[in-house]
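[1] Could you work out the structure for the sequence below:
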Amino acid sequence: MNPLTLSVLIMALLSGTLITLSSTNWLMAWMGLEINTMAIIPIIARNHHPRATEAATKYFLIQAPAAATILFGAIMNIWSSGQWEISQAPTNLPVTLIIVSLALKMGMAPVHSWLPEVLQGLDIKTALALSTWQKIAPLSIIIQLDCAHSLTLILLSILSILVGGWGGLNQTQTRKILAYSSITHMGWMMMILQFSKELTILTFLIYVLMTFSMFIILLQNNATSMNKLPTLSTHSPIISASIPLLLLSLGGLPPLTGFMPKWLIIQELSRLGLFGLATVAALGGLLSLYFYLRLSYVSSMTISPSNNLVTTSWRLPTNPMPSMLKPSIILSMMLLPATPLMASFLTY
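    Numbering: from 1, shown residues only. Prediction:
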């Protein structure tokens, strides 16, 4: 793709998200979502490959009905309340339609089937954008909605945690595994959203930090499947040593950064007396922890399949780590001691 064309598309992608973030009425928010979608489809299909074309087609076919349903729900809300503001309390049917449509845009269960397939057809950079940046605009609309104690959000969150953990168990492609990881993390965010919006934002920021680190590592070493993970030690021994800790942080294992949002979410749910919901979330998180442990084992305790009878020597040049990767890996593993500071900001 022409660099100028790519630059224009990236600017449109950023502009669409910023329009939605800064909008308080339904029409402008919907326009921002549409600009965002129309900008990323050519980026998805820029690699002239059948898998990329298929991913772009699937993404368009999913996003089009989702956007139409959001507009339909917004019009129903305007018809019943006479208000264009997103923060106005909508009636039950419009808010349910809008939440399900936004969940479809973000790839939450049970409307999640498109996300692993689309991510599998993308290059790693575009998969990173789809897993992180593309979730900002829909999430901002859900945060603005006045949907306190919505049963829809609770059902979507529980299903996302369980399906995200269950679906990633037998996967061997790293992009599909990270897609199911995204589904699980979105479930944790939606579970606490109606009780603490600040905690949802914190969970999303930590998810973006850890996912960015993981995708950049995969990009640098072109590790698109589990079979390539054992070879990382011959290219980047430092990165190879940090991958297990990063994966366990994604799984929410203490004393790593990923434990912080889950700890705070379970603590908040317990404070509100929702012990059953907290228990289901904690047990569902064990499913995703299993495939993170499997990835950690493959990347650090196995060697690459080879016909040679000798161990692979250190004959390959070492790849230097990108400058942004070093601080992101450190923060992805060592932010847990800052939990009291984060909790004080949330209560403030």
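
[2] Let me see the contact set for the residue nearest the centre of the chain.
    Nearest residue to the geometric centre of the chain (Cα atoms, centre = their mean): Ser182, 3.6 Å. Contacts for Ser182 were tallied using Cβ atoms under 8 Å, 6 or more residues apart in numbering; they are 107, 115, 131, 135, 164, 207, 211. (C-beta placed from N, C-alpha, C; glycine too.)

[3] Now for those residues: which two are most distant?
    Between any two of these, the greatest separation by Cβ to Cβ is 14.6 Å, found for Leu115 and Tyr207.

[4] the more surrounded of the two?
    Ranked by neighbour count (other Cβ atoms under 10 Å), Leu115 and Tyr207 place Leu115 first, with 27 against 23.

[5] Show residues contacting the helix or strand harbouring that one.
    Assigned by DSSP states H and E, Leu115 belongs to helix 114-120. Residues outside helix 114-120 that contact it (Cβ under 8 Å, 6+ apart): 44, 51, 55, 58-59, 62, 107, 127, 130-131, 167, 171, 173, 175-176, 178-180, 182-183.

[6] host element of Trp263?
    helix 259-271.

[7] re earlier: ok, the residue nearest to the centre of the chain to Gly284 distance?
    Distance, Ser182 to Gly284, by Cβ to Cβ, to the nearest Å: 15 Å.

[8] I'd guessed Ser332 sits against Phe215; true?
    No. Using Cβ atoms under 8 Å as the test, Ser332 is too far from Phe215 to be in contact (11.7 Å).

[9] which of these two has more neighbours?
    Ser332 (23 against 20).

[10] can you confirm the more buried one is in a strand?
    No. Looking at Ser332 with DSSP: H, G, I helix; E, B strand; the rest coil, it is helix, so not inside a strand.

[11] If you count residues, where's the longest helix of the protein?
    helix 50-81 (DSSP state H).

[12] by contact count, what packs against that one?
    Applying 3 or more Cβ pairs under 8 Å, 6 or more residues apart in numbering; DSSP states H and E, one finds that helix 50-81 contacts helix 26-44, helix 92-106, helix 114-120.

[13] For Leu202, which of those is the nearest?
    Here helix 92-106 is closest among those (Cβ to Cβ), at 17.6 Å.

[14] tell me the mean pLDDT over the closest one?
    What helix 92-106 shows for mean pLDDT is 89.

[15] Dump that helix to CSV, restricted to CA.
    Extracted as CSV, the C-alpha positions of helix 92-106 are listed here (Å, rounded to 0.1, in the frame of the first residue of the first chain):
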residue,chain,number,x,y,z
ASN,A,92,-34.7,-1.5,28.5
LEU,A,93,-35.1,-2.7,24.9
PRO,A,94,-32.9,0.0,23.3
VAL,A,95,-30.1,-0.4,25.9
THR,A,96,-30.1,-4.2,25.4
LEU,A,97,-29.9,-3.8,21.6
ILE,A,98,-27.1,-1.2,22.0
ILE,A,99,-25.1,-3.3,24.5
VAL,A,100,-25.3,-6.5,22.4
SER,A,101,-24.3,-4.6,19.3
LEU,A,102,-21.3,-3.0,21.0
ALA,A,103,-20.4,-6.4,22.4
LEU,A,104,-20.5,-7.7,18.8
LYS,A,105,-18.1,-4.9,17.7
MET,A,106,-15.7,-5.8,20.5
